Each structure stands twice: as structure tokens, then as C-alpha cells.
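**Student:** Got a sequence here, can you model it:
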Amino acid sequence: MARFDFISAPLAGLVKVQRKAIEDHRGFLSRFYCAEEFREAGLNKPVAQINHTLTRNKGAVRGMHFQYPPHAETKLVSCLHGQIYDVAVDLRCGSPTFLQWHGVVLSGQNRLSLLIPEGFAHGFQTLAEDCELIYLHTESYRPESEGALNASDPKLAIAWPLPIAEISERDRNHEWIGQEFKGVAI
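**Tutor:** Now for the predicted structure:
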């Protein structure tokens, strides 16, 4: 029995993952990850790192982060508690959807995850207090390969659902995309 529905998003390679739960009066069981099923959806590398985050305040934005090759990563992002607006931006050189973004609401209730391929930037905005996320990464964090976009860059024009109430100094200071930015070669 398949434990996931893999739903293509408007940007090629970006996949919404619906976790199917088995429920009864006691609660539910929901498989979070299955290498065999995810391989068929495009996650062909092993998970190298798992991160768990808590963002306390509604309206906070984290992102837009990515890693350059040779440490480009695929991410599986899930919200365990609360509700977020999760955003991925296509940074792949030559992609027909270069610099386009797609957002989806993830929550503990809807059991949706977002499978974000290599060559995409990722960020999110909290739509509730005390949002907990878990990320599965195919690469470990490498500061020397880190890249980021400014979440408020008018060239991206991300339509955040709420006014940005909070953002780290580091994320606020990421430069806007210049003419010299040609994307990420994957």
C-alpha cells in the first residue's frame, strides 16, 4: 500500500507530498519517509542530515537558502506543528521557470510536505505561533557552498501571505539579485 501521494507542482521537479494516515480512535500512524517510494518521486540520494526547527512568532520569515554544487541538496520540508507558507524558487540555469516561485501551506493537520530539488532556494513564513518543522537533506550543511536570496527582492516578488513581522539580520541583509546572477548549474 502506497503511503504517499506525489503531486507535481507548477515548477518542474518540485513535488508536493501528501502523507496518508492510518487512523482510529487512538490517533494515527503516518509514514514520514520511505526510501523506495521517494526514489520513484525523484529523491535519488540518501538522507545526509535531518534538522528540526522552531519558529515562535507568527509572520516570521526564514530564507531564502540554498547550496551551490557540489553540495547542492534536495530537501523534504514538513511542518509538524503550526502552519507555514513554504516557498521554493527555481534557480536552475536554463530552466524555463528560472526565478519563478511556488508556495504551499504546510501544517501538522494537512500532512503535506514539499520535496524541493537541487537548484532551488527555500524559505517559509509562519502563519501561526510556535511552528515546528523537520527537514530531510541529501547533503550536510556546508558554509562554503551556502547561497541565499533576499526574501523581499522585488525581482522575485514573493507574495507572502502576511506582512513580514520578523526576519533575521542575516536574511534581511542578503543582496538582491543582480544582472550577473545566471543561476545554479545542476
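
**Student:** for residue 171, helix, strand, or coil?
**Tutor:** Using DSSP: H, G, I helix; E, B strand; the rest coil, the structure places residue 171 in helix.

**Student:** Give the burial count for it, as a bare number.
**Tutor:** 20 (other C-beta atoms under 10 Å). From N, CA and C alone the C-beta is placed, and that goes for glycine too.

**Student:** my guess is it contacts residue 124, does it?
**Tutor:** No. Under the criterion of C-beta atoms under 8 Å, residue 171 is not in contact with residue 124, lying 11.5 Å apart.

**Student:** which residues do the two both contact?
**Tutor:** Both residue 171 and residue 124 are contacted by 61, 62, 63, under the criterion C-beta atoms under 8 Å, 6 or more residues apart in numbering.

**Student:** And the helix or strand hosting residue 105, what does it pack against?
**Tutor:** Element membership for residue 105, per DSSP states H and E: strand 101-107. Packing partners of strand 101-107 (3 or more C-beta pairs under 8 Å, 6 or more residues apart in numbering; DSSP states H and E): strand 75-81, strand 83-90, strand 112-116.

**Student:** again, 10 Å this time
**Tutor:** strand 15-19, strand 75-81, strand 83-90, strand 112-116, strand 120-126, strand 131-137 (3 or more C-beta pairs under 10 Å, 6 or more residues apart in numbering; DSSP states H and E).
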